[in-house]
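> what's the 3D shape of this:
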Amino acid sequence: MLGLESCHADVLAQILYESLPRAEAVQGIGDDYGDRWTSHHEVIGLNGKGAIVSAGWIYRSHARNVPSLVTCYIDTGLPDELRKLLDLT
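Numbering: from 1, shown residues only. As a prediction, the model looks like this:
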């Protein structure tokens with residue numbers, strides 16, 4: 001959808017990390033391992049197309065100031081709701 005392949009994973013992770021301060025984020029469940037968050041980012045891919053990428057993060061108990069990216073995906077089932085949340089309508 002964005003023209004990205006597995007060889008672009010590090011670049012995408014860096015884009016998501018750097019855009020965290022501007023991203024809409026929702027806190028999830030915390031446990032002994034750390035606090036989990038989901039954030040939503042508008043990303044323009046190599047093909048010039050845009051999509052909202054949802055990212056899962058954990059702030060680990062031993063390093064609470066540094067988020068670790070756990071997963072990211074394009075949720076095609078919720079684009080309108082996410083666009084409203086991000087004020088992109």
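> I'd say residue 75 and residue 55 touch.
No - Residue 75 is not in contact with residue 55 according to C-beta atoms under 8 Å; the separation is 10.8 Å. (Glycine included, C-beta is placed from N, CA and C.)
> neighbour-wise, which of the two wins?
Ranked by neighbour count (other C-beta atoms under 10 Å), residue 75 and residue 55 place residue 55 first, with 25 against 14.
> residue with max distance from the center of the protein?
Outermost residue of the chain with respect to the C-alpha centroid, by C-alpha atoms, centre = their mean, is residue 32; its distance is 22.5 Å.
> quick one: low-confidence parts of the protein?
Within the chain, the stretches falling below the threshold (pLDDT under 70) are 78-79, 81-89.
> tell me the centre residue of it?
residue 55 (2.6 Å).
> for the host helix or strand of that one, give me every contacting residue.
Taking DSSP states H and E as the definition, residue 55 sits inside strand 50-60. Strand 50-60 is contacted by residues 1-2, 12, 16, 20, 23, 33-45, 65-75, 79, 82-83, 86, 88 when judged by C-beta atoms under 8 Å, 6 or more residues apart in numbering.
> would you mind identifying the next helix or strand past it?
Using DSSP H and E, the helix or strand that follows strand 50-60 in sequence is strand 67-74.
> ok, and what's touching that following strand?
Contact with strand 67-74 is made by 1-2, 12-13, 16-17, 20, 36-37, 51-60, as judged by C-beta under 8 Å, 6+ apart.
> so which bits of that strand are buried?
For strand 67-74, a neighbour-count test (16 or more other C-beta atoms under 10 Å) marks 67, 69, 72 as buried.
> dump these to TSV, plus distance to residue 27.
What follows is the buried residues of strand 67-74, written out as TSV (distance: C-beta to C-beta, whole Å):
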residue	distance to residue 27
67	12
69	16
72	17
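> how near is residue 49 to residue 57?
24 Å (C-beta to C-beta, to the nearest Å).
> give me the more crowded residue out of the two.
residue 57 (23 against 11).
> who does that one bridge with?
For residue 57, the beta-bridge partners under DSSP bridges are residue 37, residue 69.
> and it, how far from residue 12?
Remark: distance between residue 57 and residue 12 (C-beta to C-beta) = 14 Å.
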